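Student: This is a predicted model, with the sequence first.
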Amino acid sequence: MGAWIWLASPLAQADTTPPFNSGDTAWMLSSTALVLLMTVPGLALFYAGMVRKKNVLATAAQSFAITALVSVLWMFIGYSLTFTSGNAFMGGLSRLFLNGMGLDSANGLAPTIPESVYMTFQMTFAIITPALIVGAFAERMKFSALLWFTGLWSLLVYAPIAHMVWGPAGWLAADGVLDYAGGTVVHINAGIA
């Protein structure tokens, strides 16, 4: 009887939560901020400096709009398509709208930090990848077309490639491809686009 009472106690349940490391979490939050600063203001000012004076504001606004659009898409469906188990080419929908992500949940790829921190860190790479593409067509694309392209490209190209390289049982990961800093997922992917 005493064992049943102990198992139901908060003390026994506290042992089942993942052991988060405060140093790992702080470093990931710092890294998240640094990658986000590479997009806004980094790429925004860089690309704004490459265009004619009349298009400076529009080019900077493109980086900001991509940041906003991809953030929403990533939280609604992108994270789930990338970092949940599905098949070798695309993840599942178990984290659709961040369903089931709590304060004590962790991703298997980063077990020492909260999953919300991992999701946010990966979101910054999902943001900067289409923002890198903007430099290829600066001054030559309508703003609405840019938003449509970015939204569709993020879900139809970025999410599957990121899943294949970083996701659980991804096709390229299973073949031995290692990508620690985004060379495949971010730079090759953006360069080809």
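Tutor: Here it is on my side, so go on.
Student: Which of the helices or strands spans the residue most central in space within the chain?
Tutor: Most central in the chain under C-alpha atoms, centre = their mean is Met123, positioned 2.3 Å from the mean C-alpha point. Taking DSSP states H and E as the definition, one finds Met123 inside helix 115-133.
Student: which of the residues in that helix are buried?
Tutor: Using 16 or more other C-beta atoms under 10 Å as the test for burial, helix 115-133 gives 115, 117-133. The way it works is simple: take the backbone N, C-alpha and C, and place the C-beta from them, glycine included.
Student: about what we covered before: quick one: neighbours of the closest residue to the residue nearest to the centre of the chain other than its chain neighbours, just the number.
Tutor: Nearest-residue entry for Met123: Trp74, 4.5 Å, with adjacent residues in sequence omitted and distances by C-beta to C-beta, 6 or more residues apart in numbering. Counted with other C-beta atoms under 10 Å, residues neighbouring Trp74 total 26.
Student: what phi and what psi does the backbone show at Trp74?
Tutor: For Trp74, the backbone dihedrals (degrees, to the nearest 10) come out as phi -60, psi -40.
Student: my read: it touches Phe125, true?
Tutor: No. Trp74 lies out of contact with Phe125 (C-beta atoms under 8 Å); the separation is 9.7 Å.
Student: Can you get me a residue count around the nearest residue to Arg95 once chain neighbours are set aside?
Tutor: Once flanking residues are discounted, Arg95 sits nearest to Ser80: 3.8 Å by C-beta to C-beta, 6+ apart. With neighbours defined by other C-beta under 10 Å, the count for Ser80 comes to 25.
Student: which residues does Ser80 contact?
Tutor: 91-96 (C-beta atoms under 8 Å, 6 or more residues apart in numbering).
Student: Could you identify the buried members of these?
Tutor: Of the contacts of Ser80, these count as buried by 16+ other C-beta under 10 Å: 91-92, 95.
Student: Give me the mean pLDDT for the helix or strand hosting Met28.
Tutor: Secondary structure from DSSP H and E places Met28 in helix 22-37. What helix 22-37 shows for mean pLDDT is 97.
Student: now swap in stretch 127-136 and tell me
Tutor: When pLDDT is averaged over stretch 127-136, the result is 94.
Student: how far does it sit from the chain's center?
Tutor: 14 Å (C-alpha atoms, centre = their mean, to the nearest Å).
Student: Contacts for that stretch, please.
Tutor: 35-36, 38-39, 43, 46-47, 50, 59, 62-63, 66-67, 70-71, 74, 146, 149-150, 153-154, 158, 185-187, 189-190, 193.
Student: which residues touch Met123?
Tutor: Neighbours of Met123 in contact, by C-beta under 8 Å, 6+ apart: 70-71, 74-75, 78-79.
Student: Then Leu155?
Tutor: Leu155 sits in contact with 73, 77-78, 81, where contact means C-beta under 8 Å, 6+ apart.
Student: how about a cut-off of 10 Å?
Tutor: 70, 73-74, 76-78, 81 (C-beta atoms under 10 Å, 6 or more residues apart in numbering).
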